[in-house]
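A.B. asks: coordinates only, no sequence provided:
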C-alpha cells in the first residue's frame, strides 16, 4: 500500500498530461462505453480491456494503469508520460516497477475534471487476495459521486468534510470555500487527503486527524459534508465501511453534532445508508438525534434494498459453506436491528424555526444536482409562507418547467388512477405522487393561467376555494408550479 508520505507537487505536470489525453470523468466514461462512470464495475475489467481498450493509445494506458489496476509493460508507459514525468510519479510513490512491468501504487479517480488519488478499489488484485486492510482509504465509489453531485455549491467562508477519506469532497469544496477542513480518524486517510491537496496545488485545505468534530471544536461552518462508515455489519472489519451493528455509530454522532457546528444559513449534507423499520419514519429518528434543535431535514431516498438482498450483497466466503455462514451472520444482525430494508439516502440539514421535515424519492443523480436541491428547499419554504395563499388567489401561476406525467391504475380496479409527475430533464428524477385535484390543476396549466380563472372553473364544478388553494400550494411545494 502507498504510504502517502512523499511530496507529490512535482507530479503536477503528469496530472496535466492525464487531463490532456482525456482522463476525466467524461472521457473515461465514454471510452469504457458507460452511460455514467457510476456504472463502472471492477469485475468487468476483462470486458473493458477486450472490448473497449483496443486502441492502445495514451488514454487506454491511463485507464488500465490508474483505474483497472493493471500491470503494464514499461514500454506502454512511454506513450503516456515522458521520462521526467515518470520519474516524478515514482518519487511521489504513485508508480512502481518490477520485472519489466509498471503499475500504479494507488488509483486516480476522475470526478468531473478533478483527479483524486486513493487506495485501489480492489487491493486483492495487487496483494494476492490478502483482503482489505482495516485502514484502507476508501476509493471514490457510488456514494462519493452522489454526494459530490448533490452538494450545494454556494460560496462559504468555511467548509468541513467529516470522515474525509481521500478528501474528494474537501477538494471539491475548496473551489467555493475560503477555507476547508477535512477530518478523519484514520491517519492514512488524513495523509491521503493532504497528498491530494498538494497534488492539486490547493493552499486552502487542511487535513486533520481526530474523532469527528474534536479537531474543530468551537468552530462553525457554512457547509458540512460527510460520507461516513454506515454499513450495519456483524463484525467491524473495514474502517471506512462498517458503522457498528446498527450502522449508526458514526452517523448518529455526526447529526447530533450539527447544532454546535453548522453556521446560520449553512447546509449540512450526508450521503449514507439507514436501516428502515416498519412504522418508524426515518425523519423521526434524525429528529431524535438532533435533540430538539430547530432544523429543517430533507431526506432524499435514492435506493432501497431488502434486508435479504443486503445480506447477500455483503456476505463473502472462500467456499460455499463459508459464504452461507456469512449470509447467515449478516441476515441475523439485520434481524436483531429490526431492519426490514436498508435505504441509501442523501440527508440535508439547515436551520429553520419552526423545524420541518420532508421526504422525497429520486433516481440517483447522474450529473450536478445542487441547484435542483436548492430549488426544492426554496419550494418547501415558499409553500410554508403564510402569505402564499393570498398571492396565489390574486395572481397568476405556471408550471415550473416541462412536466412528465404518468398515470397508472391497477388492472380491473375501479379506483381512480394514481398519478405521478416529475420535472423533465432534471439531474434528480423526483417522482411526486399527485392527488386527483393536483393532477387536474396541473393539466390546466399547460399555459400560465390566472388563479381567479381556475377558482371560477372549480366553483362551477362544485369545488370550494380552500381546496383549490391547498392543491396549488402542494404543487408549489413539489416544485411543479410557481406563482408569477
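C.D. replies: Arrived safely. These figures come from a predicted structure and were not determined experimentally.

A.B. asks: in this structure, where's the longest strand?
C.D. replies: Counting residues, the longest strand in the chain under DSSP state E turns out to be strand 262-276.

A.B. asks: what's in contact with the helix or strand just after that one?
C.D. replies: Following strand 262-276 in sequence order, the next helix or strand is helix 282-290 (DSSP states H and E). Helix 282-290 has contacts (CB atoms under 8 Å, 6 or more residues apart in numbering) with 252, 255-256, 258-259, 274, 276, 297, 299, 343, 345, 347, 349, 355, 357-359. Using the backbone N, CA and C atoms, a C-beta is placed for each residue, glycine as well.

A.B. asks: what helices or strands is the following helix or strand past helix 282-290 leaning on?
C.D. replies: Counting by DSSP H and E, the next helix or strand C-terminal to helix 282-290 is strand 295-306. Counting contacts by 3 or more CB pairs under 8 Å, 6 or more residues apart in numbering; DSSP states H and E, strand 295-306 is packed against helix 282-290, strand 341-351, strand 357-361, helix 370-383.

A.B. asks: the inter-axis angle of the last one versus strand 357-361?
C.D. replies: Spelled out, that is helix 370-383. Between helix 370-383 and strand 357-361, the angle formed by their directions is 130 degrees, by axes from the mean of the first three to the mean of the last three CA atoms, to 10 degrees.

A.B. asks: can you tell me the average pLDDT over helix 370-383?
C.D. replies: The pLDDT scores in helix 370-383 average 96.

A.B. asks: same question, the shortest one
C.D. replies: On average, the pLDDT along strand 357-361 is 95.

A.B. asks: the closest residue to residue 68 other than its chain neighbours: how many residues sit nearby?
C.D. replies: Leaving out its chain neighbours, the residue that sits closest to residue 68 by CB to CB, 6 or more residues apart in numbering is residue 45, at 4.8 Å. Residue 45: 20 surrounding residues under other CB atoms under 10 Å.

A.B. asks: hang on, residue 45 in a strand?
C.D. replies: No: assigned with DSSP: H, G, I helix; E, B strand; the rest coil, residue 45 falls outside any strand and is helix.

A.B. asks: tell me where the model's unsure across the protein.
C.D. replies: Applying pLDDT under 70 to the chain flags the ranges 124-131, 408-417.

A.B. asks: walk me through the domains of it.
C.D. replies: Here the domain parsing of the chain from automatic domain parsing is 9-105, 142-353, 382-483.

A.B. asks: out of the ones you listed, which comes closest to residue 373?
C.D. replies: Closest to residue 373 of those, according to CB to CB: domain 142-353, at 6.0 Å.

A.B. asks: how far out from the middle of the chain is the closest one?
C.D. replies: Domain 142-353 sits 10 Å away from the centroid of its parent chain (CA atoms, centre = their mean, to the nearest Å).

A.B. asks: ok, and the closest non-adjacent residue to residue 36?
C.D. replies: residue 366 (5.2 Å).

A.B. asks: that neighbour: neighbouring residues, count only.
C.D. replies: 18.

A.B. asks: so it versus residue 357, what's the distance?
C.D. replies: 26 Å (CB to CB, to the nearest Å).

A.B. asks: just the helices in the stretch 51-200 of the chain please.
C.D. replies: Counting by DSSP state H, counting those that start in this stretch, the stretch 51-200 of the chain has these helices, from start to end: 58-66, 74-78, 83-91, 124-127, 142-150, 168-173, 187-199.

A.B. asks: end-to-end on stretch 275-290?
C.D. replies: Using CA to CA, to the nearest Å, the end-to-end distance of stretch 275-290 comes out at 18 Å.

A.B. asks: okay, buried residues for it please.
C.D. replies: The neighbour-count check on stretch 275-290 (16 or more other CB atoms under 10 Å) flags 275-276, 282-283, 285-287, 289-290 as buried.

A.B. asks: how about the helices of the stretch 51-200 of the chain in CSV, adding mean neighbour count and distance to residue 303?
C.D. replies: Below are the helices of the stretch 51-200 of the chain laid out as CSV (neighbours: other CB atoms under 10 Å; distance: least, CB to CB, whole Å):
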stretch, mean neighbour count, distance to residue 303
helix 58-66, 23, 27
helix 74-78, 15, 38
helix 83-91, 17, 37
helix 124-127, 15, 25
helix 142-150, 22, 9
helix 168-173, 28, 20
helix 187-199, 24, 25
